[in-house]
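# Just the structure for this:
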Amino acid sequence: MSITLTFLGTSCSTPTPERNLSSMALVYRGHTILFDTPEGVQQQLMRTGHSLVKINHIFISHFHGDHTLGLSGMLATMTTLERKTDLHVYGPRGIGEFVSLSVRVADFFPSFTIIPHELHEGMILDEKEYSISAVKLNHSCMCYGFFFEAESKAGEFQRTQALKLKIPEGPLWGKLQKGETIMHAGKKFTPGMVMDYSKAAEGTRIAYIMDTFPHANYVDALKQFNPHALIHEASFLESEKERAIEVKHSTAKMAGEVATHTQVKQLILTHFSPRYPNGKDMAKEAGSVFKPVTAAHDLMKIEFPEKQPREREKNKPLRKKNSTKK
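Residues are numbered from 1 along each chain as shown. Predicted coordinates:
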């Protein structure tokens, strides 16, 4: 299995003839997760083969229009398609009211249940196959970044060895795979007796950082999370640094410096100002301080393996205990 990222838009503030406003779809093991809902996002999803009825989780980083104004129309279309499954929508404080307003503006009665969730730092969604955490960014309004982590593999279960030890197939095998010690027929069996830990693998980790000026809060969280890929906004070139500071956005060089400081494996730039015709200059500037770097373009797809070779633990992924499973 793989993790597929589709960049539905890469512009900031306003769309251009070449670029829609910034949004991204992540697909993993049949789960489709949408990050931000700008105007035009429905058509971008359709162009890339994503089904609106298969999106179960939407994460909205903040309430600025270039990240939200497509939600109302999307919800209306889902109803036209007679969607029945619940939809979870995550956003900053006020997300419940925002969802209600989006429904009222489009003047329709949803055919499905929309469940709003107010964001906070730490674990937001903890599923069996993956988890998503949030971190506060440094923008002109409350804004969050998101950390996606696929399920890790502790090791490989040795079926032949378990049978040799006369441990019956069933729940006991499951407990051993979870790292639990068991008792059977008066004997104690430890996970190490049936697990090959040399084949352990860690789940791929991807960080999605939108509108922000670099800040210690999320940079420190990135260092702890240790992502394999960092998707970071790069609204301006360094020549517009003063403007970036004024509106609390990042330059491409700043994004590269964040990647260098946090020792990520790969940097992907997005959210470019309309004043720049393409991302080549952004990639060049960020590349002066960090490699490898990619400038995203609309409808670009990137695939990552779901598992990565396990490294020695120097940083533990961000997994705060205040989790809520949805």
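# Where does pLDDT dip in this structure?
Along the chain, the model assigns pLDDT under 70 to residues 311-326.
# same thing but at 80, please
For the chain, the stretches with pLDDT under 80 are 1, 153-156, 197-200, 309-326.
# Break it down into its domains, please.
Domains of the chain are assigned by automatic domain parsing as 2-153+200-309, 156-191.
# now those in a markdown table, with mean neighbour count?
C-beta here means a position set from N, CA and C on the backbone, and glycine is covered the same way. Formatted as a markdown table, the domains of the chain follow (neighbours: other C-beta atoms under 10 Å):
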| stretch | mean neighbour count |
| --- | --- |
| domain 2-153+200-309 | 19 |
| domain 156-191 | 13 |
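# residue contacts, K84?
S111, F112 (C-beta atoms under 8 Å, 6 or more residues apart in numbering).
# Correction: the previous question concerned K301.
Neighbours of K301 in contact, by C-beta under 8 Å, 6+ apart: T4, L5, T6, F7, T48.
# Over to D211?
So D211 contacts 12, 61-62, 64, 67, 137, 139-140, 143, 233, 235, 248-249, 271 (C-beta under 8 Å, 6+ apart).
# In strands, which of those residues appear?
With DSSP state E as the criterion, strands contain E233 from among the contacts of D211.
# quick check, nearest of the contacts of D211 to K166?
In terms of C-beta to C-beta, no member of the contacts of D211 lies closer to K166 than S61, at 53.8 Å.
# Please name the nearest non-neighbouring residue to that closest one.
For S61, ignoring the flanking residues on the chain, the nearest one in space by C-beta to C-beta, 6 or more residues apart in numbering is M210 at 4.5 Å.
# T48 too?
Closest to T48 by C-beta to C-beta, 6+ apart is T6, at 5.0 Å.
# Looks to me like the one you found is in a strand.
Yes: assigned with DSSP: H, G, I helix; E, B strand; the rest coil, T6 falls within a strand.
# gap between it and K84?
Here T6 is placed at a distance of 25 Å from K84 (C-beta to C-beta, to the nearest Å).
# so how far is the helix or strand containing I302 from its chain's centroid?
Per DSSP states H and E, I302 falls inside strand 301-305. Relative to the chain's own centre, strand 301-305 is displaced by 13 Å; criterion: C-alpha atoms, centre = their mean, to the nearest Å.
# Helix or strand next in line after that strand, which one?
For strand 301-305, the succeeding helix or strand toward the C-terminus, using DSSP H and E, is strand 307-309.
# partners of that next one, with directions?
strand 201-203 (antiparallel) (DSSP bridges).
# helix or strand right after the partner strand?
Next in sequence after strand 201-203, counting helices and strands by DSSP H and E, comes strand 205-209.
# residue contacts, the closest residue to A76 other than its chain neighbours?
Using C-beta to C-beta, 6+ apart and skipping the chain neighbours, the partner closest in space to A76 is A106 (4.2 Å). Contacts for A106 (C-beta under 8 Å, 6+ apart) come out as S72, G73, L75, A76.
# from memory the third one sits against D107, does it?
Going back to what we said before, that points to L75. No: in this structure, L75 is not within contact of D107 by C-beta atoms under 8 Å, at 11.4 Å.
# burial of the residue nearest to A162 when sequence neighbours are not counted, as a residue count?
The shortest distance from A162 to any non-neighbouring residue, by C-beta to C-beta, 6+ apart, is to V194 (4.7 Å). Close neighbours of V194, defined as other C-beta atoms under 10 Å, add up to 24.
# phi, psi of V194?
Per-residue torsions, V194: phi -130, psi 0 (degrees, to the nearest 10).
# how close does it sit to H232?
Distance, V194 to H232, using C-beta to C-beta: 42 Å.
# Repeat that for G65.
In this view, G65 and H232 are 21 Å apart by C-beta to C-beta.
# so N278 sits right up against A295, yeah?
Yes: using C-beta under 8 Å, N278 is in contact with A295, at 7.4 Å.
# how about the strands of the stretch 1-150 of the chain, start to end?
Here the stretch 1-150 of the chain has its strands, by DSSP state E, counting those that start in this stretch, at 2-9, 23-28, 31-35, 55-59, 87-91, 114-118, 122-126, 130-136, 144-150.
# How about the stretch 151-300 of the chain?
For the stretch 151-300 of the chain, strands defined by DSSP E, counting those that start in this stretch occupy the ranges 156-157, 182-184, 187-189, 195-196, 201-203, 205-209, 229-233, 267-270, 293-295.
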